[in-house]
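>>> Pasting the sequence and the predicted coordinates here, then a few questions.
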Amino acid sequence: MKNILVLCTGNSCRSQIAEGYLQHFGADAVKVYSAGVETHGVNPRAIEIMREDGIDISHHTSNLVDEYIDIPFDLILTVCDNAKERCPYFPSKAERIHYSFSDPAKATGTEEEIKSEFRKVRNEIKEYTQIIMHAMLAEN
């Protein structure tokens with residue numbers, strides 16, 4: 001089983017969405033963790049738009065990266081520039097991959113415009129995590 005860590009600034013949206021998809025696509029082949037360099041709680045809109053796609057992340061918690069320092073990760077994904085810059089050293093053989101997604105929590109406008117931004121980012125993360133999991137599972 002591979003250990004994957006997804007890092008973001010507040011562990012509220014992007015990393016939570018990525019954790020949900022990676023666990024879904026990886027099933028029993030991976031153990032996925034997500035964390036932030038800060039904790040902001042799981043964003044209710046992230047929970048809602050993931051539910052629209054059949055993934056339940058309502059049980060997720062917002063965690064600090066320091067909580068996982070002793071886990072031997074195989075892969076560390078940073079999903080925002082801030083987390084990439086502030087990510088601590090992990091004493092493991094972890095491969096690091098970075099892609100900065102826009103932060104849907106910063107979206108403004110009507111409720112529908114905000115949800116539209118959440119869906120856009122969700123779909124980008126879904127495609128990205130499918131590629132990551134396909135490559136990881138092909139290695140085994």
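Everything's here; your move. Residues are numbered from 1 along each chain as shown.
>>> Excluding chain neighbours, give the residue nearest to residue 33 in space.
For residue 33, ignoring the flanking residues on the chain, the nearest one in space by Cβ to Cβ, 6 or more residues apart in numbering is residue 5 at 5.0 Å. (Glycine included, C-beta is placed from N, CA and C.)
>>> What mean pLDDT does stretch 71-82 get?
Model confidence over stretch 71-82 averages 87 on the pLDDT scale.
>>> quick one, what contacts residue 43?
With contacts taken as Cβ atoms under 8 Å, 6 or more residues apart in numbering, residue 43 has the following neighbours: 12, 13, 16, 105.
>>> ok, the closest residue to the first one other than its chain neighbours - contacts?
So that's residue 12. Leaving out its chain neighbours, the residue that sits closest to residue 12 by Cβ to Cβ, 6+ apart is residue 40, at 4.0 Å. Taking Cβ under 8 Å, 6+ apart as the criterion, residue 40 is in contact with 9, 10, 11, 12, 62, 105.
>>> again, but for residue 125
Under the criterion of Cβ under 8 Å, 6+ apart, the contact list for residue 125 reads 14, 17, 18, 21, 79, 101.
>>> Kindly indicate which of the residues you listed lies nearest residue 46.
Comparing these against residue 46 with Cβ to Cβ picks out residue 17 as the nearest, at 5.8 Å.
>>> circling back to that earlier point, ok, the residue nearest to residue 33 - how many residues close by?
Other residues near residue 5 come to 25 when the count uses other Cβ atoms under 10 Å.
>>> Would you mind measuring from the residue nearest to residue 19 when sequence neighbours are not counted to residue 116?
Beyond its immediate neighbours in the sequence, the residue positioned closest to residue 19 (Cβ to Cβ, 6+ apart) is residue 34, lying 3.9 Å away. Using Cβ to Cβ, to the nearest Å, one gets 24 Å for the distance from residue 34 to residue 116.
>>> Max pairwise distance over the contacts of residue 125: which two?
21 and 101 (12.2 Å).
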